[in-house]
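> with the input below, show me the fold.
(2 chains)
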There are 2 protein chains.
Amino acid sequence: MTPTAVDAVLAGDVRATAALLRAIDDDLPGASEALRALYPRGGGAFVVGITGAPGVGKSTLVDGLVAAYRADGERVAVVAVDPSSPFSGGALLGDRVRMQRHATDAGVFIRSLATRGRQGGLSRSTVGTVAVLDAAGFPLILVETVGAGQAEVDVADAADAVIVVTVPGLGDEIQALKAGLLEIADLLVVNKSDREGADRAVADLTGMLALGARPVPPILRTAASTGAGLPALVDALERLRAAPAAARAARRRRQAERQVLALVGERARDVAHDAIGSTAAPGPLAAIVDDLAARRIDPWTAAEALTGVIR
Amino acid sequence: MTPTAVDAVLAGDVRATAALLRAIDDDLPGASEALRALYPRGGGAFVVGITGAPGVGKSTLVDGLVAAYRADGERVAVVAVDPSSPFSGGALLGDRVRMQRHATDAGVFIRSLATRGRQGGLSRSTVGTVAVLDAAGFPLILVETVGAGQAEVDVADAADAVIVVTVPGLGDEIQALKAGLLEIADLLVVNKSDREGADRAVADLTGMLALGARPVPPILRTAASTGAGLPALVDALERLRAAPAAARAARRRRQAERQVLALVGERARDVAHDAIGSTAAPGPLAAIVDDLAARRIDPWTAAEALTGVIR
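Predicted coordinates for the structure are as follows:
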């Protein structure tokens, strides 16, 4: 990465933007510096997270939102977070294919992010990807992610508004998972609302939300496959986009704190990992793990000893 | 917690064990010390994780396993990790009710763990709960958790064997989530295998596993609601339980490393959180978050500055 690459991204060069995002993903030399240089230049984009349980039609909804905003002439970036794994490879390819109708539109930028690896990787790559697209001048960034576990927390920390998507007739256990999502929703969408049970789904959501501590967010109905309800969803998003600057700033400060804490945790783990080393090349503190595995010490004492080496 | 409480747990006192688990959950004075004192006294239990997508019948399967092991006279502890939230309260209560037939059996200990809060909490409480039940002398500990996001990683780090449960006919996106689970499976169970599509599900799993890097684990069929396939599942578990000591030790060393790294990350976050403080009582490093929120610095530089205060 060269200063020229940073300038090209700032000038809105799509190729340079795509190249930098790949460089960040692959951790190429200079990528991290470019990202740091770009970060302070962003902040202008409206970042929308779209999340929900598997199968609720998030990708179709995102596709519909892209079409609606493109009809108004707005440039849109889409970040699709893909819970792939060494086994599935591109199991969600079907969803990405749905977006193909926008692939030749120069006003639409689509980026898939694989959540390979275990902990921590997603927060870093989502934050970095959004920061680059923001600095590249996209006024609207849609981040789509399966609402399960860590991903939903990350999207809440990276978005100015979060849409939680659900459908009529999910089972009890999925409802419970979804309950975790309700906490981060700025807008709730009951998609596939042409199906039986949509009234019941809206009533259930209203009931669950009434138990919560905060004001009940708007609940909208869509049928993304036909486009029904999309204009109302765009209107609701635009109302959130017009939030007072003070409210936006307060939200971003809370997010900044959570982001930095997540990164501190990742850094600490990385440093401790180096201090442990590998079986082939043990680090200075490898014996702590041996002691823990043999139960000569407990995990909490071991963690204290390892935390002591972090500077 | 007193030394007497520790001794009571080590003597297998069920009341003292339950009291300590509650004290750990509530972070009462002395609970952490009691946990540290007990940890080195465990290691004898065979810890089995049972995980899978929502709705595959994990609780019914656990219930069946408990019944099978009780019929052999073995004492069993069950840890049910519940993805509850301020909104759902006890949304999974239905599952717990299924276990009620064992509630009056003194040879069965059932403990629900809510995964309230955001990151990091689960790993701590699961590890601690299993450590106490292990020290209390339960020879078999079943840890049931919804296979989504962080929980599945935690169960893999806490278990000597992981059963991943699936059913015929899940959708594409759920399949992709499940793919992440395949990586941690020591045994695969196609439950509800009296349903149409069981052959296809077994074939799909075999195909996906063939793409992976490691030996294909056994794939079993059950219908937990009727008990079909449970004796074969118990046999397969017992074969894993009889693994050579060296293999068990190698696995536990890998787990020890992951556990301690997770705890180091949590500690670092906690320390950084204190250094930031709150709006009402800002800590010495609160300005870093203000600078980040205003984009005067980037998250990575902010994290480096905060990591510097961790000792």
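
> tell me the buried residues in stretch A:249-261?
Neighbour-count burial for stretch A:249-261, counted by 16 or more other Cβ atoms under 10 Å in any protein chain shown, picks out A:251-252, A:255-261. Quick note: C-beta positions are derived from backbone N, CA and C, even for glycine.

> how about it as PDB, C-alpha atoms only?
Output of stretch A:249-261 as PDB, limited to C-alpha atoms (Å, rounded to 0.1, in the frame of the first residue of the first chain):
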ATOM      1  CA  ALA A 249     -22.500  11.200  18.500                       C
ATOM      2  CA  ALA A 250     -23.600   9.600  21.800                       C
ATOM      3  CA  ARG A 251     -24.200   6.300  20.000                       C
ATOM      4  CA  ARG A 252     -20.900   6.500  18.200                       C
ATOM      5  CA  ARG A 253     -19.100   7.100  21.500                       C
ATOM      6  CA  ARG A 254     -20.700   4.000  23.100                       C
ATOM      7  CA  GLN A 255     -19.700   2.000  20.000                       C
ATOM      8  CA  ALA A 256     -16.100   3.500  20.100                       C
ATOM      9  CA  GLU A 257     -15.800   2.200  23.600                       C
ATOM     10  CA  ARG A 258     -17.000  -1.300  22.800                       C
ATOM     11  CA  GLN A 259     -14.800  -1.500  19.600                       C
ATOM     12  CA  VAL A 260     -11.700  -0.500  21.500                       C
ATOM     13  CA  LEU A 261     -12.400  -2.900  24.300                       C
END
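
> and A:Gly227, how many residues sit next to it?
Using other Cβ atoms under 10 Å in any protein chain shown, A:Gly227 has 13 other residues around it.

> which residues sit in contact with it?
A:Gly64 (Cβ atoms under 8 Å, 6 or more residues apart in numbering or on different chains).

> which other helices and strands does the longest helix seen in chain A contact?
Ranked by residue count and defined by DSSP state H, the top helix of chain A is helix A:245-276. For helix A:245-276, the elements it packs on are helix A:121-135, helix A:150-158, helix A:286-293, helix A:299-307, helix B:245-276, helix B:286-293, helix B:299-307, judged by 3 or more Cβ pairs under 8 Å, 6 or more residues apart in numbering or on different chains; DSSP states H and E.

> and A:Ala246, which of those helices is closest to it?
A:Ala246 lies closest to helix B:286-293 among the helices and strands packed on helix A:245-276, at 12.3 Å (Cβ to Cβ).

> picking up where we left off before, ok and the longest helix of chain A relative to helix A:286-293, angle-wise?
Counting by axes from the mean of the first three to the mean of the last three Cα atoms, to 10 degrees, helix A:245-276 lies at 90 degrees to helix A:286-293.

> now helix A:245-276: mean pLDDT?
Averaging pLDDT along helix A:245-276 yields 90.

> do the same with stretch A:185-193
Rounded mean pLDDT across stretch A:185-193 is 93.

> for it, buried residues please.
Applying 16+ other Cβ under 10 Å to stretch A:185-193 flags A:185-193 as buried.

> could you do stretch A:215-228 as well?
For stretch A:215-228, by 16+ other Cβ under 10 Å, it's A:217, A:219-224.

> give me the pLDDT for the closest residue to A:Gln255 other than its chain neighbours.
Excluding the flanking residues, the one nearest A:Gln255 by Cβ to Cβ, 6 or more residues apart in numbering or on different chains is A:Asp157, at 4.9 Å. Predicted confidence (pLDDT) for A:Asp157: 80.

> same check, this time on A:Leu113
80.

> what helix or strand does it sit in?
Per DSSP states H and E: A:Leu113 is located in strand A:108-114.

> next one: that strand, is it in contact with chain B?
No: shown here: strand A:108-114 not in contact with chain B (Cβ under 8 Å from any Cβ of the partner chain), separated by at least 11.0 Å.

> before we move on, back to that, so which of the buried residues of stretch A:215-228 reach chain B?
Within those, nothing lies near chain B by Cβ under 8 Å from any Cβ.

> so can I have TSV of those residues showing distance to A:Ala236 and pLDDT?
Formatted as TSV, the buried residues of stretch A:215-228 follow (distance: Cβ to Cβ, whole Å; pLDDT from 0 to 100):
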residue	distance to A:Ala236	pLDDT
A:Pro217	9	91
A:Ile219	10	94
A:Leu220	6	96
A:Arg221	12	96
A:Thr222	11	96
A:Ala223	16	94
A:Ala224	15	88
